[in-house]
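In: Structure, please.
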Amino acid sequence: MKLVTASEMRELDRRTIEQWGLPGQVLMENAGRAVVQAAAELFDEVGRGPVVIVAGKGNNGGDGFVAARWLHCAGVDAEVCLLAAGDELSGNAAANFAIAARMGVPIYEQAGRALLDERLRRAALIIDGVLGTGISGQVRGSAREAIAAMNAAPAPVIAIDIPSGVDSDTGAILGDATWAHTTVTFALPKIGLYQYPGRERCGQIIVAPIGMAPQLIEADELRTNLTLDDDAAWMLPGRAPDMHKGDAGRLLVVAGSVGMTGAAALAALAATRSGAGLVYVACPESLNDILEVKCTEALTRPMPETEARSLALSAEESIVQMGAEMDAVVLGPGLSQHEETAELARRLATRLELPMIIDADGLNAFAGRVEELSARDVPAIITPHPGEMARLTGRSIGDIQADRVSAARGVAGAANAVVVLKGAGTVIAAPDGEAWVNATGNEGLAGGGSGDVLSGMIGAFLAGGAPALHAAVAGVFYHGRAADVAAQPGRRGLVAPALLDVLPTVFPPA
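Out: Numbers count the residues shown, from 1 in each chain. Predicted structure coming up:
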């Protein structure tokens, strides 16, 4: 499913009206009726009672007037608290204000905080039509007062298109934002609905069609996508009933150092449980015996090591020779930041011209020099969390988190690599600008080792023949799905090995 920015949505509106001849009034009518449908479903939960629509003077307020009119016609006790005077409205919002007023919908104009508090106390349901996708800058004045009043009221809130105060492009909270029980968004979801902290304010997200042509909402020029089950399933490498272990892919995991054998083991075991046929672990020689015990499903290969018991530069030729027999490489889990090992990682990233995922200390080896990856003929996949992204780019974590989609796209283009910017609402971006946003997973993934599992999963898909972008999108999706399954008893205390236990259950049948 496509995700859109505010400007892309405005362009879709314009083209629908001008090229397809569907009037804006019809679009607003359809939007308002979709909100009523969501309200009717919520009545089953909260009981049918008074509905208060809090409306601004823009199109979201116009959608609110449509909803109020239909609720009123259905015999629901519905009223509107308008933050402006009626004569301040224009266009379709003004037209629907006038229709609602003529039909007898109670409308309180220039509603201030005291009136809002009074009317919202009696509400069984609140509809937020204060601000939409067009806001910029911090929310102030009457809009901020209305948001505070809705958040203080006991009734659940349905947000029209997006909770007021959430930036529709980034998910940022612009001073304050409504806490919605349900958000009814129109035609296509907005990127900010699936990026934190905005995602937390949305509650259940309902994507409601309002009559836009499929040619518009499925257009190739819309380059941001939300990963759905069907998307992830078709991106997986194929599994034939007569395949053998060589057909399923050979994966080399270059990983491990003293104190961090767990990272190497988790990556290797995740790869075996995600369908890789053969997994080899190139590790420091003194740690080989440990990893043989930890990784009974993989084959270990001891390599020369530094005095700090990390991989030595002298391991380069042996690893390159191994790589000649492999289909893909995972480079980085638990490697350490030893200077010699970091140089080895940089050389391997250049010399191993295979599909490759670079993670953890493999990424740290490229701090401030991520553009060096652009020389690879085969695009790599890099999987930074925000801290690693900051080290790669020299930007602050706050700057990266402020617009995660743009940050991922920028590095993907500069490094000629697929970027997996980890975190809630993980973003996957390709060098050509295509991006995917993931919605699976939970806070149980906020623990050591979960990223190593992800690396192994993506590595398995690469070894199985999936293109880099597909391997990354599918890996992130099913990694999150595994966390959702493993966290059924509770998310607190979810550990990475629990993901391994459920991995075989989360993939669709071959």
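In: Name the residues of stretch 238-257 that come out as buried.
Out: 248-257 (16 or more other Cβ atoms under 10 Å). All C-beta spots, glycine's among them, are computed from the backbone N, C-alpha and C.
In: Show me those that map onto strands.
Out: 250-254 (DSSP state E).
In: Might you report the residue contacts of the residue nearest the centre of the chain?
Out: Centroid-nearest residue in the chain, with Cα atoms, centre = their mean: G425, separated by 2.6 Å. Listed by Cβ atoms under 8 Å, 6 or more residues apart in numbering, the contact set of G425 reads 171, 194-196, 199, 404, 437-439.
In: got these as a markdown table, with neighbour count columns?
Out: A markdown table is the format used below for the contacts of G425 (neighbours: other Cβ atoms under 10 Å):
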| residue | neighbour count |
| --- | --- |
| G171 | 29 |
| Y194 | 23 |
| Q195 | 26 |
| Y196 | 16 |
| R199 | 19 |
| R404 | 26 |
| V437 | 26 |
| N438 | 25 |
| A439 | 17 |
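In: Next, the residue nearest to the centre of the chain: secondary structure please.
Out: Per DSSP: H, G, I helix; E, B strand; the rest coil, the local secondary structure of G425 is coil.
In: Backbone torsions only: list them for it.
Out: phi 70, psi 50 (degrees, to the nearest 10).
In: Same check on the one 10 residues further on?
Out: As for A435, its main-chain torsions (degrees, to the nearest 10) stand at phi -140, psi 150.
In: so R33 makes contact with A68?
Out: No: proximity of R33 to A68 does not meet the contact threshold set by Cβ atoms under 8 Å, at 11.7 Å.
In: Now the residue of the chain most remote from its centre, what are its backbone angles?
Out: Within the chain, the residue lying farthest from the chain centre (Cα atoms, centre = their mean) is R102, at 44.1 Å. Torsion angles at R102 (phi, psi; degrees, to the nearest 10) stand at phi -60, psi -30.
In: Show me the shaky parts of this protein.
Out: Scanning the chain for pLDDT under 70 picks out 510.
In: Show me what the strand ranked longest in the chain is packed against.
Out: Ranked by residue count under DSSP E, the longest strand found in the chain is strand 278-284. Counting contacts by 3 or more Cβ pairs under 8 Å, 6 or more residues apart in numbering; DSSP states H and E, strand 278-284 is packed against strand 250-254, helix 261-272, strand 299-303, helix 316-323.
In: got the contact list for it?
Out: By Cβ under 8 Å, 6+ apart, strand 278-284 touches 245-246, 248-258, 261, 264-265, 268, 271-272, 291, 295, 297-303, 305-306, 309-312, 315, 318-319, 322, 326, 460.
In: for the helix or strand following it, packing partners?
Out: Note on strand 278-284: by DSSP states H and E, the next helix or strand toward the C-terminus is helix 288-294. The contact analysis (3+ Cβ pairs under 8 Å, 6+ apart) places helix 288-294 against helix 261-272, strand 299-303.
In: Please export the C-alpha coordinates of the longest one as PDB.
Out: Presented in PDB, the C-alpha positions along helix 261-272 are these (Å, rounded to 0.1, in the frame of the first residue of the first chain):
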ATOM      1  CA  THR A 261      30.100 -14.700  20.400                       C
ATOM      2  CA  GLY A 262      26.400 -14.400  21.000                       C
ATOM      3  CA  ALA A 263      26.100 -11.900  18.100                       C
ATOM      4  CA  ALA A 264      27.700 -14.300  15.700                       C
ATOM      5  CA  ALA A 265      25.600 -17.200  16.900                       C
ATOM      6  CA  LEU A 266      22.300 -15.400  16.800                       C
ATOM      7  CA  ALA A 267      23.000 -14.200  13.200                       C
ATOM      8  CA  ALA A 268      24.000 -17.700  12.100                       C
ATOM      9  CA  LEU A 269      21.100 -19.500  13.800                       C
ATOM     10  CA  ALA A 270      18.600 -16.900  12.500                       C
ATOM     11  CA  ALA A 271      19.900 -17.600   9.000                       C
ATOM     12  CA  THR A 272      19.400 -21.400   9.300                       C
END
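In: hang on, the earlier thing: Provide the strand pairings for the longest strand of the chain, with the direction of each partner.
Out: strand 250-254 (parallel), strand 299-303 (parallel) (DSSP bridges).
In: contacting residues around the first one?
Out: By that I understand strand 250-254. Under Cβ under 8 Å, 6+ apart, the answer for strand 250-254 is 264, 267-268, 271, 276-282, 298, 311, 319, 322-323, 325-333, 335, 345, 348, 362, 456, 459-460, 462-463.
In: Walk me through the domains of this protein.
Out: With domains defined by automatic domain parsing, the chain comprises 13-212, 229-506.
In: Can I get those domains in a markdown table including distance to E218?
Out: Shown next, in a markdown table, are the domains of the chain (distance: least, Cβ to Cβ, whole Å):
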| stretch | distance to E218 |
| --- | --- |
| domain 13-212 | 9 |
| domain 229-506 | 13 |
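In: Looking at the ones you listed, spot the one closest to L3.
Out: L3 sits nearest to domain 13-212 of all the domains of the chain, at 4.7 Å, using Cβ to Cβ.
In: re earlier: buried ones in the longest strand of the chain, by neighbour count?
Out: Buried-residue list, strand 278-284, by 16+ other Cβ under 10 Å: 278-284.
In: and G490, which of the strands paired with strand 278-284 is closest to it?
Out: strand 250-254 (30.6 Å).
In: Tell me where the longest helix sits in this protein.
Out: helix 24-46 (DSSP state H).
In: From the chain's centre, how far out is it? Work that out for me.
Out: 26 Å (Cα atoms, centre = their mean, to the nearest Å).
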